[in-house]
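Student: Please find the sequence and the predicted model below.
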Amino acid sequence: MLVAAAVCPAPPLLVPEVAAGAAAELGDARTACSDALAVLAASRPDRLVVVGASDADRQGRYPQGSRGGFRGFGVAADVRLGTGDEGPRPLPAALAVGAWLLEHARWGAAPVEGLAVDERLGAERCLETGRDLAARDGRVALLVMGDGSACRTLKAPGYLDERAEAFDAATARALAAADVQALAALDAGLAQELQAAGRAPWQVLAGAAEGAGLEGRLLYEDAPYGVGYFVAAWS
């Protein structure tokens, strides 16, 4: 069953070596992520699953020990998902950022594995995936990596879309209240138009949290670079 979850943004800019001179701009977000990971550790899970979006070619499970990095961003910063032997394929970017957060927090509370979900996966399939995760034996925790709309400002990656702010506000309310139904109801088509890569991972969380009775706290909400970033802890 699901005992806790942390929701964190997934931009490689969270990694100071990638952000370089702009590293301080996401300092508050990193601090909030550390606080959310502390909630996960306090829940004493038997297993932690890091969930993030990917393209269809890289979806699927990533075992403990899988490696990734940020060389595509010009930085020789490599990460590993927990301890153990190297996995058969490199981590997608969202899972690599999650692995960096865990290394930064010196995670050692439970075994770790990754799950990359196709960012275009339909809501019901996401919910089913989450239910399957929660149905595993023992106490399961999730680290859910994903961003909100990338269309919040004129300089945003997706340019300005007037629908973006309302979409992100609804997402923030749902994460703050651990509102499973509101997350499940997020419009996949609208999320794709707004380039909100977190939609599928958040709906995996919604499926996993059904009936768990978790309470939520929103620890961080902002839109630097015109992209919605959220940090939340459910326990």
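Tutor: Right, received. Where do you want to start? Numbers count the residues shown, from 1 in each chain.
Student: The longest helix anywhere in the chain: which residues count as buried?
Tutor: Looking across the chain with DSSP state H, the single longest helix is helix 27-42. Residues Ala29, Arg30, Ala32, Cys33, Ser34, Asp35, Ala36, Leu37, Val39, Leu40, Ala41 are the ones in helix 27-42 that count as buried (16 or more other C-beta atoms under 10 Å). Using the backbone N, CA and C atoms, a C-beta is placed for each residue, glycine as well.
Student: Quick check: the first one vs Ala212, distance?
Tutor: So that's Ala29. Distance, Ala29 to Ala212, by C-beta to C-beta, to the nearest Å: 26 Å.
Student: the bottom helix or strand of the protein by mean pLDDT?
Tutor: Within the chain, judged by mean pLDDT, DSSP states H and E, the helix or strand with the poorest mean is helix 16-19; its value is a mean of 84.
Student: now it: how far from the chain's centre is it?
Tutor: Once both centres are worked out by C-alpha atoms, centre = their mean, to the nearest Å, helix 16-19 turns out to sit 18 Å from its chain's centre.
Student: Not counting its own residues, what contacts it?
Tutor: Applying C-beta atoms under 8 Å, 6 or more residues apart in numbering, the contact partners of helix 16-19 are Pro12, Leu13, Ala23, Glu25, Leu26, Phe70, Phe73, Val75, Ala77.
Student: quick one: which of the residues you listed is nearest Val204?
Tutor: Comparing these against Val204 with C-beta to C-beta places Pro12 closest, at 21.2 Å.
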